[in-house]
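Engineer: here's my sequence, what's the structure:
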Amino acid sequence: MRIGTRKSKMALAQTREIIAALAAAHPDLTIGIAENDTAGDRDQTSKLLVHGGKGGAFVAGIRAMMRRGDIQMAMHSLKDMPGNEETPGLVIGAFRPREDARDALVLRAGLDFTAFEAAGGRGFRLGTNSVRRAAQLRRRFPDVEIIHFRGAADSRIRKLDQALGQGLPDGGTTEPADGLVMAAAGLRRVGLADRISHVFETNEILPAATQGIVVVECAADDWQTRQRLAAINDPAAQTAADAERELLWVLDGHCNSPIAAYAEAQGDGLRLTAEVLDLSGKNVLRAQAEGAVDSPRALGRRVALDLISQGAADIIARTRPR
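Structural biologist: Have a look, this model is predicted:
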């Protein structure tokens, strides 16, 4: 069997962990890795909208490999998979245990979070490619300057340390950044945990829906692979993902929508918190509800409809690419 993945250091590390889990569950199984040079990895300067969002940038090429029969499984970061569309013929066969879903701030040497927070972000340039992070940072630190900054985690931090600007498609560059906001779990996975200046708690910056969850996708009619993957499925991660992705589905969110969502166990139930923001971060809608752990999609729908009743559909429509 073969599993498809991106070529990045982080993706390969995630894929090797999946192979190890499958090997433990199925000792006689041999799995090879097929690396895919995705559009988003080849072009580390353009905004992801150029490639049709995260799905087109990071998922489409690997799915094409599976549809051709080149691979039997595909590893994805779930937040890269569009939550507002179906994928005929494919199914998620395993949700891996959720890692730290929080965002983290990485600052250049000589800078610290205390000074950053005391200044309210004034005089600092923070780099990110996420419209959600940009909106939330503008909300929390109105005086901070947000600049477009893309690339693999290790290459972004190298540019940060070397005071290099982010390359642009026209050959120019942005100004160098003073800091980056990235997924805490990703930084730890590539051995850069020591660069974290501050981890934002979920009540400070709510993460992207399904952030921290890795999944394995396969063909819907490949029952043997689905049975094998079932052995490494994490029910808690699947429950949280079902609630968060149902919310995205009902909201019809897209890659340019600043939508955040986080589901977590609450006693014997599940609590889902979600936000929809405009691009400036000034207009923020928030909803929260609790529900039965065995009905995560119902909870996702309830929270999404609450947001829609507050005007979320209009905000999402205004941010939709034209």
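Engineer: ranges for the helices of the stretch 1-150 of the chain?
Structural biologist: 9-25, 39-42, 53-54, 60-68, 113-118, 131-140 (DSSP state H, counting those that start in this stretch).
Engineer: now the second one: average pLDDT?
Structural biologist: Throughout helix 39-42, pLDDT has a mean value of 45.
Engineer: how about the helices of the stretch 1-150 of the chain, which one is nearest residue 224?
Structural biologist: helix 9-25 (12.7 Å; C-beta to C-beta). C-beta coordinates here come from the backbone N, C-alpha and C atoms, glycine included.
Engineer: export the helices of the stretch 1-150 of the chain to CSV and tack on distance to residue 219?
Structural biologist: Formatted as CSV, those follow (distance: least, C-beta to C-beta, whole Å):
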stretch, distance to residue 219
helix 9-25, 16
helix 39-42, 22
helix 53-54, 22
helix 60-68, 7
helix 113-118, 46
helix 131-140, 31
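Engineer: which of those helices sits closest to residue 244?
Structural biologist: Here helix 131-140 is closest among these (C-beta to C-beta), at 13.0 Å.
Engineer: now tell me what touches the closest one from outside.
Structural biologist: Contact with helix 131-140 is made by 103, 121, 126, 128, 144, 146, 181, 204-206, 208, 255-260, 275, 277-282, 284, 319, as judged by C-beta atoms under 8 Å, 6 or more residues apart in numbering.
Engineer: restrict it to CA atoms and write it as PDB.
Structural biologist: C-alpha atoms of helix 131-140 as PDB (Å, rounded to 0.1, in the frame of the first residue of the first chain):
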ATOM      1  CA  VAL A 131      -7.400  35.700   6.900                       C
ATOM      2  CA  ARG A 132      -8.800  34.300  10.100                       C
ATOM      3  CA  ARG A 133      -5.600  35.000  12.000                       C
ATOM      4  CA  ALA A 134      -5.300  38.400  10.400                       C
ATOM      5  CA  ALA A 135      -8.800  39.400  11.400                       C
ATOM      6  CA  GLN A 136      -8.400  38.100  15.000                       C
ATOM      7  CA  LEU A 137      -5.100  39.900  15.400                       C
ATOM      8  CA  ARG A 138      -6.500  43.200  14.200                       C
ATOM      9  CA  ARG A 139      -9.300  42.700  16.700                       C
ATOM     10  CA  ARG A 140      -7.000  42.000  19.600                       C
END
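Engineer: any idea how far it is from the chain center?
Structural biologist: 15 Å (C-alpha atoms, centre = their mean, to the nearest Å).
Engineer: turn the helices of the stretch 1-150 of the chain into a markdown table, including mean neighbour count and distance to residue 95.
Structural biologist: Below are the helices of the stretch 1-150 of the chain laid out as a markdown table (neighbours: other C-beta atoms under 10 Å; distance: least, C-beta to C-beta, whole Å):
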| stretch | mean neighbour count | distance to residue 95 |
| --- | --- | --- |
| helix 9-25 | 17 | 11 |
| helix 39-42 | 18 | 22 |
| helix 53-54 | 21 | 18 |
| helix 60-68 | 17 | 17 |
| helix 113-118 | 14 | 33 |
| helix 131-140 | 22 | 21 |
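Engineer: of all these, which one is nearest residue 227?
Structural biologist: Per C-beta to C-beta, nearest to residue 227 of the helices of the stretch 1-150 of the chain: helix 9-25, 10.6 Å.
Engineer: now the angle between helix 60-68 and that closest one, please.
Structural biologist: 40 degrees (axes from the mean of the first three to the mean of the last three C-alpha atoms, to 10 degrees).
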